[in-house]
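**Student:** I'll drop the sequence and a predicted model, then ask my questions.
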Amino acid sequence: MIFDTFDFLYRRFWFNAASKFHAIHLAPGRTYVQTSLDDDGKLSLGNTFQLLMNLVVFFDRCRDQQWEGALVLMDNLQLFPRAESEMTVRMEAFRALDNCVTRVFHHVVLAAMEASCHLFMAVKQSGAVAGGSSEMVNHNQHDTVDQRLDELRTRARLLVTFARLLNLPSLGDADTYVRISQLEKNMM
Amino acid sequence: MGTGDVAMWLGMSTHLIILNDNSCFACLSSINCAMFCAPNSIFPTRSSQLDLLTGLRCGDLVAANSVLQTFGNTGGGEDAIDPSVSGLISQLVQLQQTQETIFGDSTNGNTRPAQPFPNSLLRPSQAVIASRRTVADLYDRTKTRSASGTSAEEPYLHHRAACLAMLGGAESVAEAPGLETSGLVKTVEDYLYFSLWHVIYLADGDPSVVGGAVGAGALGRGNGGGLRKVAEGVARLSVLVNQWGPSYFEQDDVAAAGSASDAVAYAARGGALGGRGDEHPASGGWAFALPLLASQQYASALAYLAEAGGGLGLLQATHLGVAMDAADLAIADFSLEEGSEEKVMSQRKLLPMLVASYSASLQGADAGAALKYLVLLSDKGKFTTEQYQSLLLETRQFQTLAGAIQPDGSRSAAALDACFSKKQVSTLLVDTAHRAMRVGRPADAAELLVLSGRFGALFELMNRELASYLNASTPEDIEKRK
């Protein structure tokens, strides 16, 4: 996807318009929108809308280099597996997503991977600084850093596996899978 | 062609005397006609022929007859009214009855219920036909003398000849060779009136019809031959009007026009009368529109009026067209030949386009008023729907036209709801939203979908747009992330 400055403005416009709509017509006590969707059998559209709004926030956090916050949001959205045991259920959930989400999903995967990688580097660097700052090594702090680094590596590995299982390159930009794999290697 | 059409335009032409003929200011009723044809009229001397011709020009045979009965043949001698003429006038008075003119409708200006007349100018009785024949013979004997001009002994010879020509139906006063220099046909309206008067007489002017007529059934009522002549007469008039064109009729200097006969002769020689360049004509387009209407070129008349008359012309053409349509008068150019399909389609589109254009001229100031005009096109199918959509998208007066969403999710009533049901308004809003998306206005589409209550379609739109620009970044952001 090739974007220009206007696309970013359109993005901002639609997010603001959608937020305004949400504030007015989906405010507590107002049920006519849900009722209308339910009557038409289109409640899933509301779920997709909610997911996309959250993904916009996710990308905003990535843009602002709020890596931790971005990953916390991603965990709450439960789009990616956090353990091997979740792989199947997350794949099924992906296939149930609206087409407009699945078409751009590779960007979400890439951004999540980038956030993990940036956070990995930040944690690693903060651990190195702490370790050299004093003769008295804080083993607990070191263990915490290592544990965190392991968690991030595991997340990255699972994400790569998940992307391969989804046959991610066929979803859009083939370079995305190469990029994801490279980022994982950077975290080894 | 409706039999009433020619009569209608003769009636209208009668009223136009008010505008153009100073010799008869208020020929709207028999009373008025009698007043101005009375001894104290503006004419220095009275003449029965003059009174009679004035009455015929007014279309008020009752008034003319009343004057003749009251004041008699005061001229005497050559000015005397021939008994055959008096007799025919009495018969025509029976046709007019209590109508304002002999062309009036049977409701007499909506003062009584419509009633069928057993006879009319287009369906004359045997007696009237016989009387006409006699008067026509009189005309033949008179016209030779009139060609020589008037004299002191016969100062109203031309008037006499004109009366006989009109009553006998032998030929049109407007084109009678012996009356070219009479000065009786001064204006365009005079020319149209005398021409159409003669056209009506063609209903029974066919010798084969008159010679073999044994009953009213052969006299134009269901007899295509009798009405055929009328149709040909109107068609001929329309050809002449179109040949002369707007530059002939749109004259700003009335004094320079001379008599209508002079002007016709001038135009026939290829003379072109100057116009006013790019400005709107002083008449507002009516100088040419009226002859077109009188010759039943309805579509051309309205189109010309709208084009030449500027904003006012568009207003007039639109309202006139709407009124004509409401009266089931086909807005087309009468022709004896079958028009091309393209021309027919073009004429059918004229009224919708006039209304749409006029509505568009209002929408900037008052979208609600513009909508009321579009509603007049309710039976014009896809074109109408497109006009409603254009009104919404071009004015963006969504609240004025479609209201707003209330806290309970319902849409408040607005201008569209006065014309359509809730469901129809909702469908219109959705269709307009789709059109907005096609022309690259998704924001307007979203607003329209909210108003339509079709939240499913709205979510589909928002989801599509959010997903499309999900990862959009500025070039600086992309550089930063590398």
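**Tutor:** Arrived safely, thanks for sending.

**Student:** so where's chain A uncertain?
**Tutor:** A:1-5, A:129-138, A:168-174 (pLDDT under 70).

**Student:** Show me the helices in it, by range?
**Tutor:** Using DSSP state H, the helices of chain A run over residues A:5-25, A:32-39, A:43-63, A:67-77, A:87-95, A:99-102, A:105-132, A:139-165, A:175-186.

**Student:** what's the closest of those to residue B:144?
**Tutor:** helix A:5-25 (88.2 Å; Cβ to Cβ). Heads up, the C-betas are built off the backbone N, CA and C, glycines and all.

**Student:** list the helices and strands that closest one packs on?
**Tutor:** If you count contacts as 3 or more Cβ pairs under 8 Å, 6 or more residues apart in numbering or on different chains; DSSP states H and E, helix A:5-25 packs onto helix A:43-63, helix B:442-452, helix B:455-468.

**Student:** right, and these - which one's nearest residue B:401?
**Tutor:** Nearest to residue B:401, of all these, is helix B:442-452, at 9.2 Å by Cβ to Cβ.

**Student:** Check which residues of the closest one are buried.
**Tutor:** Judged by neighbour count (16 or more other Cβ atoms under 10 Å in any protein chain shown), helix B:442-452 contains these buried residues: B:442, B:444-452.

**Student:** do the same with stretch B:423-442
**Tutor:** By 16+ other Cβ under 10 Å, the buried positions in stretch B:423-442 come out as B:425-426, B:428-433, B:435-437, B:441-442.

**Student:** residues from chain B in reach of chain A?
**Tutor:** Residues of chain B lying near chain A by Cβ under 8 Å from any Cβ of the partner chain: B:405, B:407-410, B:443, B:446, B:450, B:453-456, B:458-460, B:462-475, B:477, B:481.

**Student:** Recalculate using a threshold of 10 Å.
**Tutor:** Contact residues (Cβ under 10 Å from any Cβ of the partner chain) of chain B with chain A: B:405-410, B:442-443, B:446-447, B:450, B:453-478, B:480-481.

**Student:** Buried only: go through these for me.
**Tutor:** B:405, B:442, B:446-447, B:450, B:453-473.

**Student:** in chain A, what residue is nearest chain B?
**Tutor:** Using Cβ to the nearest Cβ, the closest approach of chain A to chain B is made by residue A:32 at 2.6 Å.

**Student:** List the residues that contact that residue.
**Tutor:** A:25-26, B:405-410, B:453, B:455 (Cβ atoms under 10 Å, 6 or more residues apart in numbering or on different chains).

**Student:** can you rerun that using 6 Å?
**Tutor:** residue B:409 (Cβ atoms under 6 Å, 6 or more residues apart in numbering or on different chains).

**Student:** helix/strand/coil for the residue in the stretch 301-450 of chain B positioned nearest to chain A?
**Tutor:** Chain A sits closest to residue B:409 of the stretch 301-450 of chain B, with a gap of 2.6 Å, by Cβ to the nearest Cβ. Following DSSP: H, G, I helix; E, B strand; the rest coil, we place residue B:409 in the coil state.

**Student:** Residues of chain A that sit close to chain B?
**Tutor:** A:3, A:5, A:7-8, A:10-11, A:14, A:18, A:32-33, A:36-37, A:40, A:42, A:45, A:48-49, A:52, A:55, A:59, A:63, A:100, A:104, A:107 (Cβ under 6 Å from any Cβ of the partner chain).

**Student:** List buried residues within those residues.
**Tutor:** Neighbour counting by 16+ other Cβ under 10 Å classes A:3, A:7-8, A:10-11, A:14, A:18, A:32-33, A:36-37, A:42, A:45, A:48-49, A:52, A:55, A:59, A:63, A:100, A:104, A:107 among the residues of chain A next to chain B as buried.

**Student:** pLDDT score for residue B:343?
**Tutor:** Note for residue B:343: predicted pLDDT of 80.

**Student:** Can you tell me which helices and strands the host helix or strand of it packs against?
**Tutor:** Following DSSP states H and E, one finds residue B:343 within helix B:341-363. Contacts defined by 3 or more Cβ pairs under 6 Å, 6 or more residues apart in numbering or on different chains; DSSP states H and E place helix B:341-363 against helix B:298-308, helix B:310-326, helix B:367-374, helix B:382-395.

**Student:** can you redo those as a markdown table with mean neighbour count and mean pLDDT?
**Tutor:** Converted to a markdown table, those look like this (neighbours: other Cβ atoms under 10 Å in any protein chain shown; pLDDT from 0 to 100):
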| stretch | mean neighbour count | mean pLDDT |
| --- | --- | --- |
| helix B:298-308 | 23 | 96 |
| helix B:310-326 | 18 | 94 |
| helix B:367-374 | 20 | 94 |
| helix B:382-395 | 18 | 94 |
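
**Student:** nearest to residue A:124, of those?
**Tutor:** Among those, the nearest to residue A:124 by Cβ to Cβ is helix B:382-395 (56.5 Å).

**Student:** Report the angle between that closest one and helix B:341-363.
**Tutor:** 30 degrees (axes from the mean of the first three to the mean of the last three Cα atoms, to 10 degrees).

**Student:** quick one, helix B:382-395 and helix B:442-452 angle?
**Tutor:** Using the same axes, to 10 degrees, the inter-axis angle of helix B:382-395 relative to helix B:442-452 is 110 degrees.

**Student:** can you list contacts of the next helix or strand after helix B:382-395?
**Tutor:** Using DSSP H and E, the next helix or strand after helix B:382-395 towards the C-terminus is helix B:398-402. Helix B:398-402 is contacted by residues B:367, B:414-416, B:447, B:451 when judged by Cβ under 6 Å, 6+ apart.

**Student:** now do stretch B:83-97
**Tutor:** Contacts to stretch B:83-97, defined as Cβ under 6 Å, 6+ apart, come from residues B:61-62, B:65, B:102, B:128, B:131, B:134-135, B:167.

**Student:** Give me the lowest-pLDDT entry from these.
**Tutor:** Minimum pLDDT for those is recorded at residue B:102 (83).

**Student:** Look up how far chain A lies from residue B:56.
**Tutor:** According to Cβ to the nearest Cβ, to the nearest Å, residue B:56 and chain A sit 73 Å apart.

**Student:** Might one say that that residue is in contact with residue B:164?
**Tutor:** No. The pair residue B:56 / residue B:164 is not scored as a contact, 10.4 Å apart, by Cβ atoms under 6 Å.

**Student:** Compare neighbour counts for the two and give me the winner.
**Tutor:** Taking neighbours as other Cβ atoms under 10 Å in any protein chain shown, residue B:56 and residue B:164 compare with residue B:164 leading, 28 against 23.

**Student:** Isn't that one up against residue B:138?
**Tutor:** Yes. Here residue B:164 reaches residue B:138: they are 5.2 Å apart, a contact under Cβ under 6 Å.

**Student:** For residue A:114, which non-adjacent residue is spatially closest?
**Tutor:** Counting by Cβ to Cβ, 6 or more residues apart in numbering or on different chains, residue A:183 is the residue found nearest to residue A:114 once chain neighbours are left out, at 6.5 Å.
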